[in-house]
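can you look at this prediction? I've put the sequence above it.
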Amino acid sequence: MGKLVFVTGGARSGKSRYAQKLAESCPGPLLYVATAGIGDSEMADRVRRHRQERGERWRTLEEPLALAEKLPPAATGQGAMLLDCATLWLSNLLFQHREDVGRVLAEVENLLAVVPVLDAPLFLVSNEVGGGIVPENRLARLFRDVSGEANQKFAAAADEAWLVVAGLPLRLK
């Protein structure tokens, strides 16, 4: 199968909701791949609400780092997978690899290399972070740059790419 659908947009743009709708159009069980950790009560409440909104058809895989290793076995028997979100994954990797952009982008390539062998389509959500002002500190600029490079790689590899703005999807490819 190995289909990749890339969905990007700004914060609170509706990109996750749109990607979920696309994934839910696939028959069979669905897998939500969560890359965020639960660090405080607000995040725990957010996760609880999102799980309720997804419903019983969904199961969850929490994986903050090792996506290329964990996705192929997790895809077995799934109708579709929704990875939400690549931006948090990139942030996790940037800290894990001590800000080594080359290693982070190698992880992106490793993830993209497994997509063709996945038994289910992958709907990949990522924030478009480069539309604002130039960040004032080095780490924020580094994160913006690595996110932009990764998003370009995701979009190039994708079978479909969508930009969601104000809840409205625009097909890019």
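Looks like it came in fine.

separation between Gly14 and Arg138?
For Gly14, the distance to Arg138 equals 32 Å [Cβ to Cβ, to the nearest Å]. C-beta coordinates here come from the backbone N, C-alpha and C atoms, glycine included.

distance from the chain centre to the host helix or strand of Leu31, please.
In this assignment (DSSP states H and E), Leu31 forms part of strand 30-34. Computed by Cα atoms, centre = their mean, to the nearest Å, the chain-centroid distance of strand 30-34 equals 10 Å.

next one: stretch 33-41
13 Å.

re earlier: ok, Gly14 and Arg138, which is more surrounded?
Gly14 (17 against 9; other Cβ atoms under 10 Å).

so who does the closest residue to the more buried one other than its chain neighbours touch?
Of all residues not flanking Gly14 in the chain, Gly167 sits nearest, at 3.7 Å (Cβ to Cβ, 6 or more residues apart in numbering). Neighbouring residues of Gly167 by Cβ atoms under 8 Å, 6 or more residues apart in numbering: 13-14, 17-18.

so how far is Ile38 from Gly167?
For Gly167, the distance to Ile38 - Cβ to Cβ - is 26 Å.

worst-scoring helix or strand of the chain, pLDDT-wise?
helix 41-54 (a mean of 86; mean pLDDT, DSSP states H and E).

for it, name the packing helices and strands.
Packing partners of helix 41-54 (3 or more Cβ pairs under 8 Å, 6 or more residues apart in numbering; DSSP states H and E): strand 30-34.

adjacent strands (with direction) for the strand it packs on?
strand 58-62 (parallel), strand 80-84 (parallel) (DSSP bridges).

contact partners of it?
By Cβ under 8 Å, 6+ apart, strand 30-34 touches 23-24, 47, 54, 57-63, 67, 71, 74-75, 78-84, 120.

show the buried residues in the residues you listed.
23-24, 47, 54, 58, 61, 63, 67, 71, 74-75, 78-84, 120 (16 or more other Cβ atoms under 10 Å).
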